[in-house]
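[1] have a look at this prediction, sequence included:
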Amino acid sequence: GIKHFVEKTPKSLEFYMEAAKVMPGGTTANIKFFPPYPIIMEKGMGSRLYDLDGNEYIDYLLSYGALILGHGHPRVLQAVQKQLYENGTYLFGTPHRLEVEMGKKIQQLYPSIELLRYTNSGTEATLLAIRMAYAYTGKNKIAKFEGHYHGGYDQVLVSVNPPVEKAGHPLHPKSIAESKGMDDYHEEHTIVLPFNDIDAASAILRKRQGELAAVIVEPVQGGFIPAERSFIEGLRELTKELDILLIFDEVKTCFRLGLGGAQQYYNIKPDLTALGKAVGGGYPIGITGGRRDIMEVSLPKAASDVFDNSQSKHSDARDVLFHSGTYNGHPSILAAGLETIAVLEEEINQINEAAETLKKGISKLFLQKGIAVKTLGLGSIFNLILTEKDKILNYRDLQNADFSLRRELDFQLINEGIYTKPLNRYSISSAHGQEEIDKTLEAYDKVIRRL
Ligand code: PMP
């Protein structure tokens with residue numbers, strides 16, 4: 001696979017050597033690198049990506065799930081253009097109409113979100129949620145689950161991808177920093193829990209109850225390992241009982257399990273929610289939202305006189321929470337987000353059905369070849385796990401999967417014009433129709449026969 005890859009992408013290699021003179025590793029995010037070198041893409045249209053050598057790919061990376069309508073959806077482009085040109089400027093530095101329109105849409109789709117704030121990324125959205133939880137509860141630790149990603153800052157950048165031999169007992173995972181340059185503080189202050197095991201998680205949470213402001217969870221780990229219903233319901237009840245806030249990180253799941261995200265799918269009301277990725281239709285955005293009384297820790301003091309009918313029981317805590325950002329609520333991005341929602345209201349079922357068809361088709365081809373595979377995920381995002389294991393419930397369950405076969409498969413598929421970053425998940429967009437599914441399954445058929 002790799003030999004043919006190198007033959008097909010000489011300009012990517014040449015340009016990559018230039019990129020390495022500008023950015024460490026030739027890339028501006030570590031995960032965007034893969035050996036021998038990442039493909040340099042030049043253009044995206046609909047379901048397709050085109051690289052420097054002119055190769056065409058059906059894109060299943062979709063910018064890590066953000067592009068739920070594919071590349072350059074005409075209605076989204078038009079909405080952005082209209083905002084940019086007709087309103088004369090693109091950034092007001094004041095409250096504006098689209099913040100309210102988008103906010104009302106989000107409140108409607110996510111009933112747990114009574115108030116919200118805009119940020120520029122998913123990372124900032126979880127960061128703000130955690131700070132709000134600290135401010136609201138007066139406690140200063142959080143718990144997260146092993147294998148879950150919430151952004152690249154210290155509090156949550158532990159035990160995302162830990163070496164298992166150092167990660168401790170599966171039911172009592174250790175908190176392990178993912179990055180050099182993080183001080184030890186967060187290894188001690190971020191408690192790590194095992195996913196999909198309510199008894200084990202409960203034992204830890206009960207012990208640390210007095211220290212914990214919040215538990216943050218990806219309701220579908222990595223976008224492809226769903227929480228078991230009894231687990232997530234148990235977590236909701238338990239956190240309520242223990243006075244620990246529950247934060248749903250729906251940066252990946254929002255709009256991909258239906259417009260109401262995982263909380264609609266599981267029928268659970270978290271206290272706080274972080275949204276991102278698909279919400280901006282490919283433009284940078286994050287949203288932090290949740291219970292009114294919690295969100296009001298960020299009520300400006302000067303405004304609390306105006307809103308003296310506020311429900312907040314923490315009125316003394318107002319204005320203690322700093323939240324700011326030059327680009328928060330950027331009008332052209334909100335225009336893109338609103339139009340994305342409008343398109344999804346018509347097309348989301350079709351996207352999820354296309355994903356189902358693709359998953360079934362891939363499973364069937366592997367079955368015919370006698371290779372054990374799981375197409376794991378809900379809605380329009382899934383992962384391909386080559387494993388004999390019956391159930392994949394958490395990070396540890398992934399360890400015995402055959403990643404080298406998967407890597408070989410991915411390179412051969414790239415050579416056939418089917419793109420995702422090797423070992424990455426698959427996301428589907430509204431631009432992935434029957435033609436794309438058929439082409440993809442043809443390529444799979446060819447490649448699986450060769451494996
Ligand atoms: N939370 C989850 C669940 C994510 O998948 C991601 C991004 N992969 C983030 C947070 C961070 O979002 P961003 O990259 O927009 O900062």
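    Structure received. Numbering: from 1, shown residues only.

[2] residue closest to the middle of this structure?
    Taking C-alpha atoms, centre = their mean as the criterion, Lys252 is the residue nearest the geometric centre of the chain, at 2.5 Å.

[3] what is the neighbour count of the residue in the stretch 51-200 of the chain positioned nearest to the ligand?
    Residue of the stretch 51-200 of the chain nearest the ligand, by C-beta to the nearest ligand atom: Gly122 (2.4 Å). In this view, the C-beta of every residue, glycine as well, is placed from N, C-alpha and C. Look at Gly122: counted by other C-beta atoms under 10 Å, it has 28 neighbours.

[4] Arg449 now?
    By other C-beta under 10 Å, the residues close to Arg449 number 10.

[5] need phi/psi at Tyr419.
    Here is the backbone geometry of Tyr419 (degrees, to the nearest 10): phi -110, psi 120.

[6] touching, it and Tyr57? I think so.
    Yes. Between Tyr419 and Tyr57 there is a contact under C-beta atoms under 8 Å: 3.6 Å.

[7] identify the contacts common to the two.
    Leu49 (C-beta atoms under 8 Å, 6 or more residues apart in numbering).

[8] got the contact list for the residue nearest to the centre of the chain?
    Gly65, Gly122, Glu218, Val220, Gly222, Gly223, Gly276, Lys277, Ile381.

[9] and Val160, by the same measure?
    Val160 makes contact with Gly147, His148, Tyr149, Glu178, according to C-beta under 8 Å, 6+ apart.

[10] which SS class is it?
    Using DSSP: H, G, I helix; E, B strand; the rest coil, the structure places Val160 in coil.

[11] report pLDDT for it.
    Val160 is assigned a pLDDT of 97 by the prediction.

[12] next: the one 10 residues further on.
    If you check Pro170, the pLDDT there is 97.

[13] that one reaches Pro194, doesn't it?
    Yes. Look at Pro170 against Pro194 with C-beta under 8 Å: they come within range, at 6.0 Å.

[14] for the two, indicate the residue with more neighbours.
    Pro194 (23 against 16).

[15] for the more buried one, give its distance to Ile268.
    Counting by C-beta to C-beta, to the nearest Å, the gap from Pro194 to Ile268 is 19 Å.

[16] can you check Ile106 too?
    From Ile106 to Ile268 the distance is 17 Å (C-beta to C-beta).

[17] looking at the stretch 151-300 of the chain, which residue is nearest the ligand?
    Closest residue of the stretch 151-300 of the chain to the ligand, C-beta to the nearest ligand atom: Val251 (3.6 Å).

[18] count the neighbours of that residue for me.
    29.

[19] could I get the contacting residues of it?
    So Val251 contacts Gly122, Ala125, Thr126, His150, Ala274, Leu275, Gly276, Lys277, Gly286 (C-beta under 8 Å, 6+ apart).

[20] equivalent analysis for Ile39, please.
    Contacts of Ile39 (C-beta under 8 Å, 6+ apart): Thr9, Ser12, Asp51, Asn55, Ile414, Tyr419.

[21] sorry, back to before: quick check, nearest of the contacts of Val160 to Asp390?
    Within the contacts of Val160, proximity to Asp390 (C-beta to C-beta) peaks at Gly147, which comes in at 18.6 Å.

[22] now do the SS call for that closest one.
    Relying on three-state DSSP, one would call Gly147 coil.

[23] pretty sure Lys144 belongs to a helix, no?
    No. Looking at Lys144 with three-state DSSP, it is strand, so not inside a helix.

[24] quick one: contacts for it?
    Counting by C-beta under 8 Å, 6+ apart, Lys144 touches His150, Val156, Val158, Ser159, Thr190, Ile191, Val192, Leu193, Val215, Ile216, Val217.

[25] distance of it relative to Lys364?
    For Lys144, the distance to Lys364 - C-beta to C-beta - is 37 Å.

[26] over to Arg407?
    Going from Arg407 to Lys364 by C-beta to C-beta gives 22 Å.

[27] neighbour-wise, which of those two wins?
    For the pair Arg407 and Lys364, the greater number of neighbours falls to Arg407 (16 against 13), based on other C-beta under 10 Å.

[28] how about the residues of the stretch 251-400 of the chain near the ligand?
    Residues of the stretch 251-400 of the chain lying near the ligand by C-beta under 6 Å from any ligand atom: Val251, Lys252, Gly276.

[29] ok, and the closest non-adjacent residue to Gly138?
    Leaving aside its sequence neighbours, Gly138 sits nearest to Ala213 (C-beta to C-beta, 6 or more residues apart in numbering; 7.9 Å).

[30] the one you found: which element?
    Ala213 is located in strand 212-217, with elements delineated by DSSP states H and E.

[31] would the helix or strand just after that strand count as contacting the ligand?
    For strand 212-217, the succeeding helix or strand toward the C-terminus, using DSSP H and E, is strand 220-221. No. On the criterion C-beta under 6 Å from any ligand atom, strand 220-221 is out of touch with the ligand, staying 8.7 Å away.

[32] returning to what we had before: could you dump the residues of the stretch 251-400 of the chain next to the ligand to a markdown table with distance to Lys374?
    Output for these, formatted as a markdown table (distance: C-beta to C-beta, whole Å):
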| residue | distance to Lys374 |
| --- | --- |
| Val251 | 23 |
| Lys252 | 18 |
| Gly276 | 26 |
